[in-house]
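Participant: Predicted model and sequence below, questions to follow.
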2 protein chains.
Amino acid sequence: MASALKLHGSPISTSTMRALVGLHEKGLDFEFSPVDMSTGAHKKQPYLSLNPFGQVPALEDGSLRIFESRAITAHVAHSYTDKGNQLNLPGKERAALLVWQEVEAHQFDPIASKLLWELFYKPMFGLEADPVAVKENEDKLAKVLDVYEARLGQSKYLAGDHYTLADMHHLPALSLLSGTQVKKLFDARPRVAAWAALILARPAWAKVQALRNAPPH
Amino acid sequence: MASALKLHGSPISTSTMRALVGLHEKGLDFEFSPVDMSTGAHKKQPYLSLNPFGQVPALEDGSLRIFESRAITAHVAHSYTDKGNQLNLPGKERAALLVWQEVEAHQFDPIASKLLWELFYKPMFGLEADPVAVKENEDKLAKVLDVYEARLGQSKYLAGDHYTLADMHHLPALSLLSGTQVKKLFDARPRVAAWAALILARPAWAKVQALRNAPPH
């Protein structure tokens, strides 16, 4: 019998990894349905009925169809409060969670994605990185991480003293960039380095890594 | 006596407009504090203590300091449920709201912002638009709006039958682009055109327009 929760995606997509880590943090039982992006399956039916923008991932939760990775994580964090780890913050702390979720999406991710393209995906496809784009985005990321370093002097995690969606959403890019020359930018900032080590060590993230490293089937 | 709510920003910034329309939808009494971006006030103290990334807007709500426009709107929508218009959806409809808020932020806004830069801000600064960038982003926006057209055949607003944050977040770019050649892309899609007309006609948006058109003081 099919699980009520089914995630469609690709293990090498950072957005898929973001949704996966959310499902694992909540300890949810789900089926993973690989989408073969090499044949453009995400740009055709039946996948387009799950996400009309033709991007991975997409989640089926009973009759609900949810796409955009951060909508998926917010949905499971809100809908399955009695399961797994709490990823939201109540009351007054909620404002900080809202702020730092937006910071990840609008300050960190656009720059991190450009660096990932240059330093992770291009080499994977046999292309050469553009050193000008790398330098420009490393400089931008350094400035963002300076703000993180100051913030992490005030609280253990970005939104407060508990791990939340705001931290979790960083994991895919943070993990992949830690395998590139960008790691030096994290290491140069002691609080950022400690925070990165803390969130990369979470068991839910290890489960995502295991799927990525599994042989294709 | 100062109001408990104080929004810092610039009336020509789309992010400031997004926060402003949220405050007006909630019928909140607030003080608007203009930030003089022409002198770089947003990149200096004391503004950096409100938003360490040096961007407008920022909201003071009592002792809370909230930045990122969508965090501000989500905060006021959640914290002032007893005032003004409801901008969230309860229960099962909440998933659709999460999805369409992310669609605005990650599918619509990056493209709309590039078109605004070419067709609104560049002319304001006496610069010429790059026709290649305009064409490329108009083509991308057309594809996004095709998805909107299909979606708006299923529900009156993006997330369901009620106006929410997901619609509201589009207003600044939608309004400014409606004054450019991009209007043809909205007009060519009957449901998108009807939706745009409906949300642009909201009294809260008229209040934001009035501030933008007010003489500088």
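Facilitator: The structure has been received and is ready for your questions. Residues are numbered from 1 along each chain as shown, chains lettered A, B, ... in the order given.
Participant: can we go C-alpha only for contacts and neighbour counts from here?
Facilitator: Will do.
Participant: what bits of chain A have low per-residue confidence?
Facilitator: A:1-3, A:215-217 (pLDDT under 70).
Participant: mind checking how far the helix ranked longest in chain A is from the chain centre?
Facilitator: The single longest helix within chain A, with elements called by DSSP state H, is helix A:131-151. The chain centre lies 18 Å from the centre of helix A:131-151; the measure is CA atoms, centre = their mean, to the nearest Å.
Participant: likewise stretch A:22-38?
Facilitator: 13 Å.
Participant: What are the buried residues along that stretch?
Facilitator: Within stretch A:22-38, the residues that qualify as buried are A:22, A:23, A:24, A:25, A:26, A:30, A:32, A:34, A:35, counting by 16 or more other CA atoms under 10 Å in any protein chain shown.
Participant: does chain B sit close to the longest helix of chain A?
Facilitator: Yes: using CA under 8 Å from any CA of the partner chain, helix A:131-151 reaches chain B at A:144, A:147.
Participant: Against which helices or strands is that helix packed?
Facilitator: Applying 3 or more CA pairs under 8 Å, 6 or more residues apart in numbering or on different chains; DSSP states H and E, one finds that helix A:131-151 makes contact with helix A:109-116, helix A:183-187, helix A:190-200.
Participant: a markdown table for the buried residues of stretch A:22-38, including distance to chain B and secondary structure?
Facilitator: Below are the buried residues of stretch A:22-38 laid out as a markdown table (distance: CA to the nearest CA, whole Å; DSSP: H, G, I helix; E, B strand; the rest coil):
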| residue | distance to chain B | secondary structure |
| --- | --- | --- |
| A:22 | 15 | helix |
| A:23 | 15 | helix |
| A:24 | 19 | helix |
| A:25 | 19 | helix |
| A:26 | 17 | coil |
| A:30 | 18 | coil |
| A:32 | 20 | strand |
| A:34 | 21 | strand |
| A:35 | 20 | coil |
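Participant: closest to residue B:55 among those residues?
Facilitator: Of all the buried residues of stretch A:22-38, residue B:55 sits closest to residue A:22, with 29.6 Å by CA to CA.
Participant: Using PDB, write down the CA coordinates of the helix or strand encompassing residue A:65.
Facilitator: Using DSSP states H and E, residue A:65 sits in strand A:64-67. Listed next in PDB are the C-alpha coordinates belonging to strand A:64-67 (Å, rounded to 0.1, in the frame of the first residue of the first chain):
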ATOM      1  CA  LEU A  64      -2.700  17.800  -1.100                       C
ATOM      2  CA  ARG A  65      -0.100  18.600  -3.700                       C
ATOM      3  CA  ILE A  66       2.600  20.900  -2.400                       C
ATOM      4  CA  PHE A  67       5.600  22.300  -4.300                       C
END
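Participant: Listing partners with orientation, what would you give for it?
Facilitator: Strand pairing for strand A:64-67, using DSSP bridges, gives strand A:58-61 (antiparallel).
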